[in-house]
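[1] Pasting a predicted model and its sequence here:
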2 protein chains.
Amino acid sequence: MREGITAGLVVIGNEILSGKITDANTPFLARELRVLGVSLQRVTVIPDDIDVVATVVADFAARFEIVFTSGGVGPTHDDVTMDGVARAFGRPMVEDPGLRRAIEQFVGSRINEAHLKMARVPEGCELVTDGHPAFPTVVVENVYVLPGIPEIFQAKLAGLRDRFRSRPYHLRQVLVREHETGIAEFLNATLAAFPELLLGSYPKLSDPQYRVRLTLESKDKTYVEAALADLIRRLPEGFVVKVED
Amino acid sequence: MREGITAGLVVIGNEILSGKITDANTPFLARELRVLGVSLQRVTVIPDDIDVVATVVADFAARFEIVFTSGGVGPTHDDVTMDGVARAFGRPMVEDPGLRRAIEQFVGSRINEAHLKMARVPEGCELVTDGHPAFPTVVVENVYVLPGIPEIFQAKLAGLRDRFRSRPYHLRQVLVREHETGIAEFLNATLAAFPELLLGSYPKLSDPQYRVRLTLESKDKTYVEAALADLIRRLPEGFVVKVED
């Protein structure tokens, strides 16, 4: 899992930890990063607590090349992500004059404190506007601060994805009729011969077609194909139901 | 979020980080713990890597009263959770004689190394059998090791849940017609008057009925009802669409 660019995701929201809302951004980002060839190494879900956000974001920023945060960027009392990210880097929060002007223009005369909270950002951050100056994505060093609402999370990510594109993974899959306990020795032998292979084994309950889905992956297509041939040669006749891309 | 028993969840699996499988155990456990009155404080998703499992489990075990792990407990090469949990507590892995006998009885003459791997557990762990001695839940100090397959995760949790029951949360919800920026000042005023209130604010896009769902929670029912009355009194006429349990 350590090839290529590494990434981490920090999901901020009491509503996810309490089970009121199911986080849709983690599976979406995981699939997107996979397509881009970026290796997601860790996801952590934490409460709306400035100190926890600061500690976890600082840890992730030091550990991974790219960090995303999801949630906690709205105008209400429980939106503390921006303050937490600022604290993670020891930066003060400041009002960005350009952002304030854009928000004033967007909101007009009904502007209030809650709107103006949205103009406050960590000092020295980058604002990636993607065409809408009132709603930029805030980037602090290697941390991309994204909103929790899935539609907006996805739209903002679409505007950023070309920054992260790396060499994609090559994937082959084998569906097997036998239980994991009946194939473990063959998997171990193939892994010994191909130590760099990313080999996943996923049991499937209650599917009449197969019992285990195996995934073989690497950024090197030739390596995956050679490992696939090796594994298929080792598996006893009749074990393989199907080989897929 | 810090009232009552605290819990953390460590989800182990490359398949989730790579987006191949969407983790269903986090939302399930979050809802279950909520009903039981246990406060889920953190969820972390990590790869199938012994060192990472050991480090994160040790951190969680020190930080929270109860820790659950999900995934990585099968018989194949990528199932390293048991070794990681053993390492987190500085315990060796040992074969449990009773577990070996139960597995031998269950599997019969086709027993192999992969089956016997399932009899290896951290030394001194507790085995909670819940009626099926070949498939116990392994408990090491405050860490409950659960499988990743949702059907089995849920079944095992059902057998454990009475251990965790605490005083449940009392919840009231208010649906509001106005944007978050139009209500933030009223939320802040209620929070100043009721500092122990857990107050959530969740914008809803594209719903014609309301724009924000507010959640008011505490383990003290009287406190929630008083805070609810306070908030409704502050909100301008026409803002509240509906009040729910």
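    Right, received. Where do you want to start?
[2] What is the burial count for A:Val243?
    Using other Cβ atoms under 10 Å in any protein chain shown, A:Val243 has 14 other residues around it. From N, CA and C alone the C-beta is placed, and that goes for glycine too.
[3] So A:Lys219 sits against A:Gly4, correct?
    Yes. In this structure A:Lys219 lies within contact range of A:Gly4 using Cβ atoms under 8 Å: 6.5 Å.
[4] joint contacts of these two?
    With contacts taken as Cβ atoms under 8 Å, 6 or more residues apart in numbering or on different chains, the residues that reach both A:Lys219 and A:Gly4 are A:Gly37, A:Arg167.
[5] So for A:Met1, what's the pLDDT?
    Predicted confidence (pLDDT) for A:Met1: 41.
[6] what about the strands in chain A?
    Using DSSP state E, the strands found in chain A span residues A:6-12, A:39-46, A:66-70, A:93-95, A:120-122, A:126-128, A:137-140, A:143-146, A:170-176, A:198-203, A:212-218, A:240-244.
[7] so how far is the longest one off the chain centroid?
    When distances are taken as Cα atoms, centre = their mean, to the nearest Å, strand A:39-46 is centred 7 Å away from the chain's centroid.
[8] cool, stretch A:142-152 as well?
    When distances are taken as Cα atoms, centre = their mean, stretch A:142-152 is centred 11 Å away from the chain's centroid.
[9] and if you look at stretch A:232-239?
    On the basis of Cα atoms, centre = their mean, stretch A:232-239 sits 36 Å off its chain's mean C-alpha point.
[10] Say whether chain B is contacted by that stretch.
    No. Residues of stretch A:232-239 are not located near chain B by Cβ under 8 Å from any Cβ of the partner chain, the shortest gap being 13.1 Å.
[11] again, but for stretch A:37-50
    Yes. With Cβ under 8 Å from any Cβ as the criterion, chain B is reached by stretch A:37-50 at A:Ser39, A:Leu40, A:Gln41, A:Arg42, A:Val43, A:Thr44, A:Val45, A:Ile46, A:Pro47, A:Asp49.
[12] Looking at per-residue confidence, what score does the second one get?
    So the one you mean is A:Leu40. Value for A:Leu40, per-residue pLDDT: 96.
[13] still on that earlier bit, tell me which of the strands of chain A sits most buried.
    The highest average neighbour count among these, using mean count of other Cβ atoms under 10 Å in any protein chain shown, belongs to strand A:66-70 at a mean of 27.
[14] wait, does that strand contact chain B?
    No. Using Cβ under 8 Å from any Cβ, strand A:66-70 stays clear of chain B, with a minimum separation of 12.8 Å.
[15] counting contacts, what elements does that strand pack onto?
    strand A:6-12, helix A:25-36, helix A:50-63, strand A:143-146 (3 or more Cβ pairs under 8 Å, 6 or more residues apart in numbering or on different chains; DSSP states H and E).
[16] Give me the number of neighbouring residues for the closest residue to A:His179 other than its chain neighbours.
    Spatial nearest neighbour of A:His179, excluding adjacent residues (Cβ to Cβ, 6 or more residues apart in numbering or on different chains): A:Arg211 at 5.4 Å. Neighbours of A:Arg211 under the rule other Cβ under 10 Å: 19.
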